[in-house]
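1. give me the fold of what follows.
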Amino acid sequence: MFSVITGTFLLAMVHALIPNHWLPLVAVARAEQWKLKEVTSITFFAALAHVTGTIILGVILGLIGKKLEQQYGNSIYVVSAILLIVFGLIYFSVNLPHHHHSGQKDISSYKRSRKRWILIFVVMMLFSPCLEVESLFLSAGAYGMGIVTLMSVIYALVSICGILVLVTLGYKGMHMLPASFIEHNEKRITGGVLILVGILTFFLH
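-> Alright, predicted model coming up:
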């Protein structure tokens with residue numbers, strides 16, 4: 001249980017640092033000349049939509065994990081640990097970096113109203129959940145929906161706060177040095193976390 005919670009926290013931090021979660025917001029804010037208050041409010045709703053989409057799918061998988069635990073008992077912990085390791089190996093071996101539009105010319109070439117930009121970001125983030133964390137929700141379901149709820153809260157807080165901080169720093173012209181490294185190694189980092197959580201789950205369930 002502790003390993004799943006720790007894994008959720010780590011993955012939430014990694015995903016918040018990925019540039020495509022916050023860099024487009026910074027680029028649009030500069031191109032549209034938004035004030036910092038506008039940037040942070042739009043970022044909050046976009047991040048909330050992203051988290052909501054991830055958690056909805058996660059709760060469904062958590063319910064599946066709970067049902068499997070009721071049917072198969074302790075064997076589900078072994079199966080979930082193996083699945084986490086398998087998913088981790090897949091992510092680690094297929095290290096495809098996220099792509100983003102860092103050029104401001106692409107965005108400044110056309111103008112949209114603030115309401116339209118809000119709609120674009122909210123819809124885009126809502127329907128692009130972080131699939132990497134979903135395997136943890138499936139494993140957490142075996143421990144009960146209380147753990148799934150706790151995972152959801154941790155994931156939401158870390159993700160939203162992380163994205164807000166990065167957008168604010170980016171808007172002010174400050175750049176996070178690890179961002180580029182994480183962008184190009186995100187799959188390996190994610191895979192490593194999932195493998196570690198799978199091993200710990202196997203021995204500590």
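
2. could you identify the longest helix within the protein?
-> For the chain, the longest helix by residue count, based on DSSP state H, is helix 36-72.

3. next structured bit after that helix?
-> Next helix or strand after helix 36-72 toward the C-terminus (DSSP states H and E): helix 75-93.

4. just the angle for that following helix relative to helix 36-72, thanks.
-> If you take axes from the mean of the first three to the mean of the last three CA atoms, to 10 degrees, helix 75-93 sits at 140 degrees to helix 36-72.

5. for helix 75-93, buried residues please.
-> Along helix 75-93, these residues count as buried under the neighbour rule (16 or more other CB atoms under 10 Å): Ile76, Tyr77, Val79, Ser80, Ala81, Leu83, Leu84, Ile85, Phe87, Gly88, Tyr91, Phe92. All C-beta spots, glycine's among them, are computed from the backbone N, C-alpha and C.

6. got any ranges where this protein has weak pLDDT?
-> Applying pLDDT under 70 to the chain flags residues 1, 74, 94-114, 174-186, 201, 203-205.

7. so where do the strands sit in it?
-> Remark: no strands are assigned in the chain by DSSP state E.

8. for the longest helix of the chain, buried residues please.
-> 39-40, 42-43, 46-55, 57-59, 61-62, 65-66, 68-69.

9. same question for stretch 118-138.
-> So stretch 118-138, judged by 16+ other CB under 10 Å, has buried residues 118, 121-122, 125-126, 129-130, 132-138.

10. from the residues you listed, pick the one nearest Phe2.
-> Leu136 (12.5 Å; CB to CB).

11. now Val86, nearest residue through space, not along the chain?
-> Spatially, and ignoring its direct neighbours in sequence, Val86 is nearest to Gly198 (8.0 Å; CB to CB, 6 or more residues apart in numbering).

12. what segments of this protein are helices?
-> 2-17, 23-32, 36-72, 75-93, 104-108, 114-126, 134-141, 145-171, 178-204.
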